[in-house]
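1. For reference, the sequence and a predicted model appear below.
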Amino acid sequence: MNGMMGRQGGQRSGAAAAHHQRQYSEEIPSNGRWLQSAGLQHLHPSTATSIPSLQDFNFYGGAGGGGQGLRTYRNAQRGFTGGNDFYAEPTTPPVSSRQKNGEDLQNDFSPGLLDLHSFDTELLPEMAVPGLYESSSLYHPVRDRSFDYSEPQLANNKQIGRGNALPENNLLKSFAVDKEKTSSVAKIKVVVRKRPLNKKELTKNEEDIIDTHSNSLTVHETKLKVDLTAYVEKHEFVFDAVLNEEVSNDEVYHETVEHIVPIIFQRVKATCFAYGQTGSGKTYTMKPLPLKASRDILRLMHHTYRNQGFQLFVSFFEIYGGKLYDLLSDRKKLFMREDGKQQVCIVGLQEYAVSDVETINELIEKGSATRSTGTTGANEESSRSHAILQLAIKRSVDGSGSKPPRGVGKLSFIDLAGSERGADTTDNDKQTRMEGAEINKSLLALKECIRALDNDQGHIPFRGSKLTEVLRDSFMGNSRTVMISCISPSSGSCEHTLNTLRYADRVKSLSKGNNPKKDILSSTLNLKESTTLPLSSALPSASTFDDDITDTWPEQNERDDSEDSYEQEKPAWKKNGKLEPHNLSSAEDKFWKPNGQTKLKDLPKSDFKKLHPDDDLNALLLEEEDLVNAHRKQVEETMNIVKEEMNLLVEADQPGNQLDDYITRLNAILSQKADGILQLQNRLAQFQKRLKEHNVLVASSGY
Ligand SMILES: Nc1ncnc2c1ncn2[C@@H]1O[C@H](COP(=O)(O)OP(=O)(O)OP(=O)(O)O)[C@@H](O)[C@H]1O
C-alpha cells in the first residue's frame with residue numbers, strides 16, 4: 001500500500017527457435033508439434049553449445065549509437081547495423097576511444113517478456129542441484145565468443161563501487177547452488193543504478209547531484225530559502241546495492257539476476273523489473289539481462305542438466321493502456337483468462353522454444369522493435385508500455401517429448417513505463433492522460449503486491465492492475481523479486497530521482513531485516529547564507545514535508561524468510577497457528593486506534609485486505625497518492641507566495657511606496673493563500689470521508 005496506507009517505509013541461420021501457441025485450455029501441441037517460426041530452424045538442444053560465432057553479429061544498435069539501442073535498431077530497418085559496443089565483444093572498440101559519459105557506450109535495448117501461462121509446477125519432483133560445472137574446464141578459461149556478451153572494463157575505475165571486474169570463475173561460484181542456497185536468496189532485492197550525465201545534460205551544465213557509496217547514496221538537492229538564498233539538502237538512502245555510473249551491464253547482471261538463475265531450476269519464479277523516470281536507463285539496463293540469463297540457463301541445461309528433458313521458452317508481450325499485445329506476433333491482441341485453479345493464462349500468447357542465445361536475441365530485438373514508444377523531453381523514444389519478457393524452464397515429464405513439457409521455473413523481466421508518466425495528467429492529449437493513469441495505477445499495484453508478498457499476507461491485491469494480474473503466478477509460491485531503480489544524476493531530474501528512490505525505499509523496507517535509515521534530511525549546507533529576514537524563521541521548510549513521506553514509516557517486523565513463507569496463499573487467521581480477529585470491530589480496535597494516531601499504514605495488510613475488495617483498495621490508493629501530490633503542490637505554491645510576499649515587503653520599505661498598491665497586492669496574496677488551504681482542506685475531508693466509508697478510521701481526524 002502506498003503512502004499513509006501502508007507506506008513502510010526489463011537468427012541467425014542455424015539457430016533454433018520453435019514456438020507454440022498456447023491455448024487457453026492449456027492445449028499444448030502434442031508430439032513435439034512446435035510451430036516452426038519463420039526463418040528459424042529448430043536445433044536440437046544438445047547442439048546448442050556449438051552456436052555459430054557472433055563475431056560478425058552486432059547486437060543491438062549502431063556504433064556510437066547514442067544509447068538508443070532499441071530505437072536505433074528500429075530506425076535502422078530493424079537490422080543489426082552498426083555494432084553495439086556493449087554486447088558484441090568482438091566488435092568492441094578500445095575503451096580509450098569511448099566516452100566516459102556513456103553516450104557512445106549506449107545501446108538500446110528493451111526487454112520485455114513473459115510467460116503468463118498457467119504453470120504446472122506442482123508435479124515435478126524437487127531436484128537436487130548438483131554442484132554446477134563440476135568440470136571447470138567447461139566454463140572456466142574457454143570463453144566461447146558466441147556466448148560472450150561481456151562488456152569491456154572501463155579503464156577509469158574511480159569511485160568504482162561495485163564495478164570491479166568479475167572473477168573469471170564467478171559463474172562457477174554462483175551456480176554452485178543447492179537447495180540451501182535457494183532459500184538463502186533474498187525474496188526481495190532492491191538495487192539502484194545511476195546513469196552518467198548525458199550530452200544534453202552536460203550541454204546545459206547540469207550537475208551530478210548523486211554521490212554513491214557502497215550500498216548507499218546521497219542526493220544533494222538545491223533549494224531556495226524564503227529569502228531566496230540557496231542551500232543544499234542532503235537525502236541519504238541505503239539499498240541492497242548501489243551501482244554507480246561506471247558500473248557495466250555485466251556487473252548489473254551479477255548483482256541482480258545471476259544468483260537467481262540456478263534457483264529457477266528449483267521451481268522458483270523470479271521477477272526482475274526496472275523502475276524509474278523516463279530516460280533514466282531502464283531499457284538500457286534491462287535489455288541485456290535476458291540474454292545473459294539465457295546464456296547461463298542454457299549452460300546449465302546443456303551441462304549440469306544435460307539430457308534431463310529441460311527446455312527453455314521465450315515469450316514477450318506488452319501491457320499498453322491496460323491491454324495486452326504479443327510483441328512476437330505483430331502486436332496481436334491477447335486476452336487474459338484465469339482457469340479453474342486461478343492460474344493466469346494469456347490466450348494466444350506465442351512462446352518459442354529456444355536453444356541458443358542468438359535466437360533469443362533475435363526474438364528480443366523483434367519484440368523490442370514492436371513495442372509502443374513515444375517522445376518525452378528526456379527520451380526521444382520513450383516506452384509507453386510495460387514490456388514483459390519471460391524465460392520459462394519446462395521439462396518433459398516422460399523424456400520422450402510426446403507430452404507437453406511442464407513448467408519448472410521462470411524468470412520474468414519487466415521494463416516498466418517511465419514512472420513519471422502517471423503524473424502526466426494535465427497537459428497532453430486524452431490518450432496520454434489515459435496512459436498516465438494506467439501506468440500510475442499499475443506501479444502502485446505492483447508495489448502493493450510486493451509488499452503483500454513480503455508480509456506473507458493472506459491476500460495479495462493482484463487485481464489492482466493488469467500488470468499485477470498478469471504477473472500473478474510469478475508472485476505466488478516460491479518467488480523472488482529484484483527491483484532495479486534507475487536514476488538520472490542530473491540536478492534537473494532531482495524531484496523525479498527522489499520519487500524513484502522513495503518508491504524503492506518503500507519496497508526495500510519490506511525486506512527482512514532491512515531497517516536502514518532512509519531519506520534522512522541530515523544537514524543543510526550554506527548555513528552562512530541563512531536568512532535574517534523575520535518571516536523565514538516562522539515558515540516550515542520544505543524538508544518538513546518531505547520528511548513526512550519517508551521517516552514516518554513503521555519499521556517492519558522481522559519475518560520468517562523460509563521457503564514455506566511463499567508456498568501459498570494462507571488465510572490470515574491460519575498464520576503462525578494463531579487465530580486472528582475476524583470481525584471488523586475488533587480488528588479496528590486493535591489496529592486503528594493505538595496512540596490515538598492511527599494511520600492506514602499501521603494496519604496489518606492481512607486484515608486490511610479482508611476489509612476491502614481489491615478495486616476499492618486500489619481506488620483508495622490512487623486517491624491517497626492524489627492527496628499527497630496535491631499537498632506537495634500546495635507546499636510549492638506556498639513557497640512561491642512567500643517569495644512574492646518577501647518582495648512585497650522589500651518594496652514596502654522603499655521610499656515612495658504606494659500604500660494602495662501594497663494593500664491590493666497583499667489582499668491578492670492572502671486570498672491566494674486562503675484558496676490553496678481551503679482546496680487542500682476539502683480534498684483532505686473528501687479522503688477522510690472515503691476512509692470512513694471503508695471503515696478505516698483516522699483517530700485524529702475529528703470524524
Ligand atoms: N548506465 C548508462 N550508461 C550509458 N548510457 C546510458 C545508461 N543508462 C541509460 N543510458 C542512455 O540514456 C538514454 C535513455 O535510456 P533508456 O532508453 O534506457 O531510458 P528509459 O528509462 O528506458 O526511458 P523510457 O522510460 O522513456 O523508455 C539512452 O540513450 C541510453 O542509452
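-> Thanks, I have the structure now.
2. Run a quick neighbour tally on residue 228.
-> Using other CB atoms under 10 Å, residue 228 has 11 other residues around it. Heads up, the C-betas are built off the backbone N, CA and C, glycines and all.
3. Assign residue 460 to helix, strand or coil.
-> Under the three-state scheme (DSSP: H, G, I helix; E, B strand; the rest coil), residue 460 adopts coil.
4. Relative to the ligand, how far out is the spatially closest residue to it that is not a sequence neighbour?
-> With sequence-adjacent residues excluded and distances taken as CB to CB, 6 or more residues apart in numbering, residue 460 is closest to residue 452, at 4.3 Å. Note on residue 452: its distance to the ligand, by CB to the nearest ligand atom, to the nearest Å, is 26 Å.
5. Then residue 301?
-> 30 Å.
6. okay but that residue is in contact with residue 307, surely?
-> No: using CB atoms under 8 Å, residue 301 makes no contact with residue 307, being 9.8 Å away.
7. With neighbour numbers in mind, choose between these two.
-> residue 301 (24 against 10).
8. ok, now which ones touch the closest residue to the more buried one other than its chain neighbours?
-> Sequence neighbours aside, residue 310 is the residue nearest to residue 301 in space, at 4.8 Å (criterion: CB to CB, 6+ apart). Residues near residue 310 by CB atoms under 8 Å, 6 or more residues apart in numbering: 265, 301, 393-395, 408.
9. which of those residues lies closest to the ligand?
-> Within the contacts of residue 310, proximity to the ligand (CB to the nearest ligand atom) peaks at residue 393, which comes in at 27.2 Å.
10. Find the helix or strand that that closest one is a member of.
-> According to DSSP states H and E, residue 393 maps onto strand 386-395.
11. Check which element follows that strand along the chain.
-> Past strand 386-395, the next helix or strand by DSSP H and E is strand 406-415.
12. buried residues in whichever helix or strand comes after that following strand?
-> From strand 406-415 onward toward the C-terminus, using DSSP H and E, the following helix or strand is helix 430-454. Neighbour counts over helix 430-454 (16 or more other CB atoms under 10 Å) mark 435-454 as buried.
13. go on, stretch 337-345?
-> 343-345.
14. Which ones among those residues lie within strands?
-> Those of those mapping onto strands are 344-345, per DSSP state E.
15. which one in the buried residues of stretch 337-345 is the model shakiest on?
-> Lowest pLDDT among the buried residues of stretch 337-345: residue 343, with 73.
16. From the ligand, how far off is that one?
-> 31 Å.
17. Quick check: pLDDT value at the residue in the stretch 151-300 of the chain that the ligand sits nearest to.
-> The ligand sits closest to residue 281 of the stretch 151-300 of the chain, with a gap of 2.7 Å, by CB to the nearest ligand atom. Looking at residue 281, its pLDDT stands at 93.
18. what's the answer for residue 442, then?
-> 83.
19. Go ahead and confirm it touches residue 471.
-> No: Residue 442 lies out of contact with residue 471 (CB under 8 Å); the separation is 10.0 Å.
20. okay, and for this structure, where does confidence drop off?
-> Across the chain, the ranges flagged by pLDDT under 70 are 1-184, 342, 372-383, 399-401, 419-435, 454-458, 510-619, 693-703.
21. Which segments of it make up each domain?
-> 11-189+256-489, 543-701 (automatic domain parsing).
22. beta partners of residue 241?
-> Note on residue 241: beta-bridge partners residue 191, judged by DSSP bridges.
23. Count the neighbours of it for me.
-> Neighbours around residue 241, by other CB under 10 Å: 20.
24. For it, which residues are in contact?
-> Residue 241 neighbours (CB under 8 Å, 6+ apart): 162, 189, 191-192, 215, 255.
25. the helices in the stretch 251-400 of the chain, which residues?
-> With helices called from DSSP state H, counting those that start in this stretch, the stretch 251-400 of the chain shows them at 282-286, 288-299, 357-370.
26. Give me whichever of those is most buried.
-> helix 282-286 (a mean of 30; mean count of other CB atoms under 10 Å).
27. Quick one: list the elements packing against that one.
-> helix 69-75, helix 249-256, strand 269-275, strand 406-415, strand 479-487 (3 or more CB pairs under 8 Å, 6 or more residues apart in numbering; DSSP states H and E).
28. Start and end of stretch 478-493, how far apart?
-> 37 Å (CA to CA, to the nearest Å).
29. Stretch 265-278 now?
-> 34 Å.
30. And for stretch 299-317?
-> 26 Å.
31. cool, stretch 312-330 as well?
-> Rule used - CA to CA; the end-to-end distance of stretch 312-330 is 22 Å.
32. Can you give me the buried ones in that stretch?
-> So stretch 312-330, judged by 16+ other CB under 10 Å, has buried residues 312-320, 322, 324-329.
33. nearest to the ligand, of the residues you listed?
-> Set against the ligand, the nearest of the buried residues of stretch 312-330 by CB to the nearest ligand atom is residue 318 (11.9 Å).
34. Show me what counts as buried in stretch 402-417.
-> 404-417.
35. Helix, strand, or coil at the one residue in the stretch 601-703 of the chain that gets nearest to the ligand?
-> The stretch 601-703 of the chain approaches the ligand most closely through residue 625 (19.4 Å), counting by CB to the nearest ligand atom. Following three-state DSSP, residue 625 is assigned to helix.
36. That one reaches residue 441, doesn't it?
-> No: if you go by CB under 8 Å, residue 625 and residue 441 don't touch, sitting 9.6 Å apart.
37. What sits closest to residue 630 if chain neighbours are left out?
-> Per CB to CB, 6+ apart, closest to residue 630 is residue 683, 5.4 Å.
38. Next up, the contacts around the one you found.
-> 626-627, 630.
39. Pull out the buried members of the residues you listed.
-> 627, 630.
40. which secondary structure elements does the strand holding residue 393 contact?
-> helix 288-299, strand 310-320, helix 357-370, strand 406-415.
41. Output the last one as CSV - backbone C-alpha positions only.
-> Looking back up the chat, that one is strand 406-415. The C-alpha coordinates for strand 406-415 follow below in CSV (Å, rounded to 0.1, in the frame of the first residue of the first chain):
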residue,chain,number,x,y,z
ARG,A,406,5.6,-28.9,-17.7
GLY,A,407,6.8,-25.7,-16.2
VAL,A,408,9.6,-25.8,-13.7
GLY,A,409,10.6,-22.2,-13.1
LYS,A,410,10.6,-18.9,-14.8
LEU,A,411,12.3,-15.6,-14.9
SER,A,412,10.4,-12.5,-15.9
PHE,A,413,12.0,-9.3,-16.9
ILE,A,414,9.8,-6.2,-16.9
ASP,A,415,10.8,-2.9,-18.4
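42. name the helices or strands packed onto that strand?
-> Counting by 3+ CB pairs under 8 Å, 6+ apart, strand 406-415 packs on strand 269-275, helix 282-286, helix 288-299, strand 386-395.
43. in the last one, what counts as buried?
-> By neighbour count, with 16+ other CB under 10 Å as the criterion, the buried positions of strand 386-395 are 386-395.
44. got CSV for these, with distance to the ligand too?
-> As requested, the buried residues of strand 386-395 are arranged in CSV below (distance: CB to the nearest ligand atom, whole Å):
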residue, distance to the ligand
386, 10
387, 9
388, 14
389, 14
390, 19
391, 20
392, 24
393, 27
394, 30
395, 34
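45. Now flag whichever of the residues you listed is closest to residue 675.
-> residue 386 (38.2 Å; CB to CB).
46. Same question for stretch 662-682: list its buried residues.
-> For stretch 662-682, the neighbour count (16+ other CB under 10 Å) marks 665, 673, 676, 680 as buried.
47. Is the first one in a helix, a strand, or coil?
-> Per three-state DSSP, the secondary structure class of residue 665 is helix.
48. which residues touch it?
-> Applying CB under 8 Å, 6+ apart, the residues contacting residue 665 are residue 648.
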